[in-house]
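Peer 1: structure, please.
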Amino acid sequence: MKSRQASRIIPSLFALLLLVAVGALATQTVGNRADAQQQVLMAAKPAAGNVLLDPADTLLLLLDHQTGLFQTVKDISVAELRTNTVILIKAAKLMKVPIITTASVPDGPNGPLMQEINQYAPDAIYVPRKGEISAWDNEDFVKTVRETGRKTLVIAGVWTSVCVAFPALQALADGYNVYAVMDASGDPSEMASRTTLARLTQAGVVPVSTNVVFCELQRTWNRPDAADFAALYAAYAPHYQAVMESFEKAQEVLKQEKK
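Peer 2: Sure thing, here's the model as predicted:
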């Protein structure tokens, strides 16, 4: 009788132990998968400090800032457009960010590049095109970008909807991190600018303004060239120049009173 009971109990115990073992294995597998998923998520998350522009990985592309095209720009004043482009150049020079320029048919009605580019960045790399509307369709241009070894492209140009948008989208597809500087670019209408902003944003291009670029590159006032960056702030926001002048005058008055 006892042998019969034992013969019934042993298979039951074996089945129970097998069920527990399978459950433990399943739990471990799920746990391993969760750990693996967590590791993937952590790897994909940018490390602290890597979400802003890194001067060592940034490249400034100035596309078709041509005097003829300037006359068609209606979404921003030409004076502001030129000023902001110069500010980008000066910030790039301060942070040793390479600059590449190009022009579409400079001998035609689009006209030559604005003279400030050569004035403030005489060492910028100029890449002539062979009629391509998008600079990214020119093999020499893409090769020049690739040879810098930099993967973050800050792009400005005229027109925003064409000369900026086309290469920005193409570079993005080729694996670059792309920023479009909207107020150092210009379009024939507000509508063209707004639709381009929507298109670029939906595709993954990051829209920025000029001040965002030079502030991200600067990162701190605790630097020997702080005065040079202060000049960029004043150029971008003339009212800030008034703030600095008022502050400097107040400091002078205090010094006089202490004497």
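Peer 1: torsion angles phi and psi at E132?
Peer 2: Main-chain torsions, E132, degrees, to the nearest 10: phi -70, psi 130.
Peer 1: how about the closest residue to it other than its chain neighbours, what does it touch?
Peer 2: Leaving aside its chain neighbours, E132 sits nearest to N138 (4.8 Å; criterion: CB to CB, 6 or more residues apart in numbering). Any C-beta I mention is one placed from the backbone N, CA and C, and that applies to glycine too. The contact partners of N138, taken as CB atoms under 8 Å, 6 or more residues apart in numbering, are 102, 127, 129-130, 132.
Peer 1: measure N138 to D64 for me?
Peer 2: Using CB to CB, to the nearest Å, N138 is found at 12 Å from D64.
Peer 1: shared neighbours, those two?
Peer 2: T102.
Peer 1: could you look up the SS state of the residue lying closest to G204 once chain neighbours are set aside?
Peer 2: Once flanking residues are discounted, G204 sits nearest to L172: 5.7 Å by CB to CB, 6+ apart. The three-state label given to L172 by DSSP: H, G, I helix; E, B strand; the rest coil is helix.
Peer 1: burial measure for L172, as a count.
Peer 2: 17 (other CB atoms under 10 Å).
Peer 1: let me know the pLDDT of it.
Peer 2: Per-residue confidence at L172 stands at 98 (pLDDT).
Peer 1: just the one 4 residues further on next, same as before
Peer 2: According to the per-residue confidence, Y176 scores 98 in pLDDT.
Peer 1: domains in the protein, by residue range?
Peer 2: Following automatic domain parsing, the chain resolves into domains at 1-45, 55-218, 226-254.
Peer 1: just name the most buried of these.
Peer 2: domain 55-218 (a mean of 19; mean count of other CB atoms under 10 Å).
Peer 1: endpoints of that one, how far apart?
Peer 2: Start-to-end span of domain 55-218 (CA to CA, to the nearest Å) is 9 Å.
Peer 1: swap in stretch 93-112?
Peer 2: 22 Å.
Peer 1: ok, stretch 154-161 next?
Peer 2: 16 Å.
Peer 1: now stretch 72-82
Peer 2: Terminal-residue distance, stretch 72-82 (CA to CA): 14 Å.
Peer 1: repeat for stretch 153-172
Peer 2: 9 Å.
Peer 1: cool, and stretch 94-104?
Peer 2: 28 Å.
Peer 1: again, but for stretch 214-226
Peer 2: Across stretch 214-226, the terminal residues are separated by 12 Å (CA to CA).
Peer 1: cool, and stretch 53-67?
Peer 2: End-to-end distance (CA to CA), stretch 53-67: 29 Å.
Peer 1: starting at the chain centroid, how far to it?
Peer 2: From the chain centre to the centre of stretch 53-67 is a distance of 10 Å (CA atoms, centre = their mean, to the nearest Å).
Peer 1: before we move on, what about stretch 78-85?
Peer 2: Distance, centroid of stretch 78-85 to centroid of chain: 20 Å (CA atoms, centre = their mean).
Peer 1: give me the mean pLDDT for it.
Peer 2: 98.
Peer 1: which element is D228 on?
Peer 2: helix 226-236 (DSSP states H and E).
Peer 1: I'd like to know which elements that helix is packed against.
Peer 2: Helix 226-236 sits against helix 78-94, helix 210-218, helix 238-258, with contacts defined as 3 or more CB pairs under 8 Å, 6 or more residues apart in numbering; DSSP states H and E.
Peer 1: low-scoring stretches of the protein, by residue?
Peer 2: 1-49 (pLDDT under 70).
Peer 1: strands of that one, residue ranges please.
Peer 2: Along the chain, counting by DSSP state E, strands occupy 58-63, 99-102, 125-126, 152-157, 177-181, 206-208.
Peer 1: give the contact list for the nearest residue to T195 once chain neighbours are set aside.
Peer 2: In space, and not counting its chain neighbours, T195 is closest to S161: 7.2 Å by CB to CB, 6+ apart. S161 sits next to 187-188, 192-193, 195-196 when contact means CB under 8 Å, 6+ apart.
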